[in-house]
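> Below is the sequence, then the predicted model.
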Amino acid sequence: MSRWAAVLAGGSGTRFWPLSTPERPKQMLPLVGDTPLLQQAVARLAGLIPPERVLVVTAANLAPATRALLPSIPADNVLAEPRPASTGPALAWATAVAAARDPDATLLSLHADWCVGDDVAFRDAALSALETAEHHDVLVTVGIVPDRPETGYGYIEPGDVLAGDARRVARFTEKPQRKQAEALVESGALWNSGLFAWTATRFMAETQAVAPEIAGALQFLERDDVAGYFAHVTPIAVDVSHFERSERVAVVPGPFPWDDVGTWAALLRVLPTDERGNAFEGHVRQRDSSGCVAWVDEDMLVLDGVSDLVVVRANGVILVTTRDRAADLKELLASLAIDPRAKLP
């Protein structure tokens, strides 16, 4: 039995507009550290899964840039989606590719745009997930041990003990209100990270059993007709298509710092901050300002006597909003009839 990874790298990253663009979305940006998040995600697998067994699922228009960023990954391991169809169809495709090359494959699924604070602990948790999938014939999710009652994440409530730290999943709760999130954390619930593991055999069996949005199109993959497959699948997240429906789901804990860095404001959690709680990238100066995020790709930015702002100067565009409103960037762009996928001036 060989172990594979499927790295999901097709997101458009519009929540980091105007720095993110259709040609260079979030996963291709060095938001945390000196290298793009995608490169970090693949490097994090070193010693766990060899490059020749790492599959990267991305958008068709991003495939050339993805291959250029990942020279250690075989070119045909970069899987270019004809159209976006969410994570369920993408992972079924990646699983089918791995199974075609090795019928006994086990897969680890991860996203390309996370910030992980401890690579060793990440690999330990990933190995635990892979071993649990192999030994107990279940779909496995890694639940992050929370450090706050976050309302923007989904939660996993562990159930009966399966073996060691592995537990059955009692239920999933998606993005709870503040009081419910506090109660979930107090009760020992975990964040649903989206770090998954399964054997190819079990995943495809569960696809047939509980995911009709995908199962009916698998016949096209059997004929190596990727375009036909994507033309017939219904977009659906793997969390819904498989994990919320299957009765063969387990969770193992992930005791490592993790953040999906979903908004500009989230950078305050993962970037170094100054004595006033500001996180800056580029030539930024401040006086009497606190709790601000600022990112400039050229020129100088000066902040004076302001608090809790997000200021971005990138690709010829200046964005100024508040940390609270940064999560509503998509709605802002829609209300102003600004297409984040359009070429910037």
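Yep, that arrived. Residues are numbered from 1 along each chain as shown.

> make it CA atoms for all contacts and neighbour counts henceforth
OK.

> Check the burial of the residue nearest to V249 when sequence neighbours are not counted by counting its neighbours.
Among residues not flanking V249 along the chain, L139 sits closest, at 4.8 Å (CA to CA, 6 or more residues apart in numbering). Per other CA atoms under 10 Å, the neighbour tally for L139 reads 26.

> So L139 is in contact with A250, correct?
Yes. L139 is within contact range of A250, at 6.2 Å (criterion: CA atoms under 8 Å).

> is it fair to say D124 lies in a helix?
Yes. Counting by DSSP: H, G, I helix; E, B strand; the rest coil, D124 falls inside a helix.

> Retrieve the pLDDT associated with it.
Confidence at D124, expressed as pLDDT, is 97.

> ok, now the one 5 residues further on?
Predicted confidence (pLDDT) for A129: 98.

> how many other residues sit next to it?
A129: 28 neighbours (other CA under 10 Å).

> Contact partners for it?
For A129, the contact set (CA atoms under 8 Å, 6 or more residues apart in numbering) comprises V140, T141, V142, F196, A197, V251, V252.

> R44 and S72: what is the separation?
13 Å (CA to CA, to the nearest Å).

> nope, I338 is what I meant
I338 is 37 Å from S72, by CA to CA.

> Pull out the buried residues from the helix or strand of the chain with the lowest mean pLDDT.
Ranking every helix and strand in the chain by mean pLDDT, DSSP states H and E puts helix 329-335 at the bottom, with a mean of 92. Going by neighbour count (16 or more other CA atoms under 10 Å), the buried part of helix 329-335 is L329, K330.

> With stretch 215-228 instead?
Neighbour-count burial for stretch 215-228 [16+ other CA under 10 Å]: A215, A217, L218, F220, L221, V226, G228.

> Looking at these, spot the one nearest P146.
Taking CA to CA as the measure, P146 sits nearest to A215 out of the buried residues of stretch 215-228, at 34.3 Å.

> got a list of what the closest one touches?
Per CA under 8 Å, 6+ apart, neighbours of A215: T207, Q208.

> what's the spacing between it and T151?
33 Å.

> do L195 as well
Shown here: L195 relative to T151, a distance of 19 Å by CA to CA.

> between those two, who's got more neighbours?
Taking other CA under 10 Å, L195 and T151 do not tie; L195 has more neighbours (20 against 16).

> Confirm the more buried one sits in a strand?
Yes. Under three-state DSSP, L195 sits within a strand.

> Report pLDDT for the nearest residue to it once chain neighbours are set aside.
Closest residue in space to L195, ignoring its immediate chain neighbours: L110 at 4.9 Å, by CA to CA, 6+ apart. With respect to pLDDT, L110 scores 98.

> Which element, helix or strand, includes L110?
strand 106-111 (DSSP states H and E).

> Which strands and helices lie in contact with that strand?
Here strand 106-111 touches strand 3-8, helix 87-101, helix 119-136, strand 190-199, going by 3 or more CA pairs under 8 Å, 6 or more residues apart in numbering; DSSP states H and E.

> Let's see that with 10 Å instead.
If you count contacts as 3 or more CA pairs under 10 Å, 6 or more residues apart in numbering; DSSP states H and E, strand 106-111 packs onto strand 3-8, helix 37-43, strand 54-59, helix 87-101, helix 119-136, strand 139-144, strand 190-199, helix 200-210.

> I338 and S72: which is more packed in?
S72 (14 against 11).

> shouldn't the residue nearest to V249 be in contact with R245?
No. Look at L139 against R245 with CA atoms under 10 Å: they stay out of range, at 11.1 Å.

> can you tell me which residues contact the residue nearest the centre of the chain?
Nearest to the mean C-alpha position of the chain, counting by CA atoms, centre = their mean, stands H111 at 3.3 Å. The contact partners of H111, taken as CA atoms under 10 Å, 6 or more residues apart in numbering, are 6-11, 27, 37-38, 41-42, 56-57, 87, 193-196, 260.

> Next one: it relative to W295, how far apart?
Counting by CA to CA - H111 and W295 are separated by 24 Å.

> same check, this time on K343
Note on K343: its distance to W295, by CA to CA, is 20 Å.

> Among those two, which residue is more densely surrounded?
Shown here are K343 and W295; by other CA under 10 Å, W295 has more neighbours (22 against 10).
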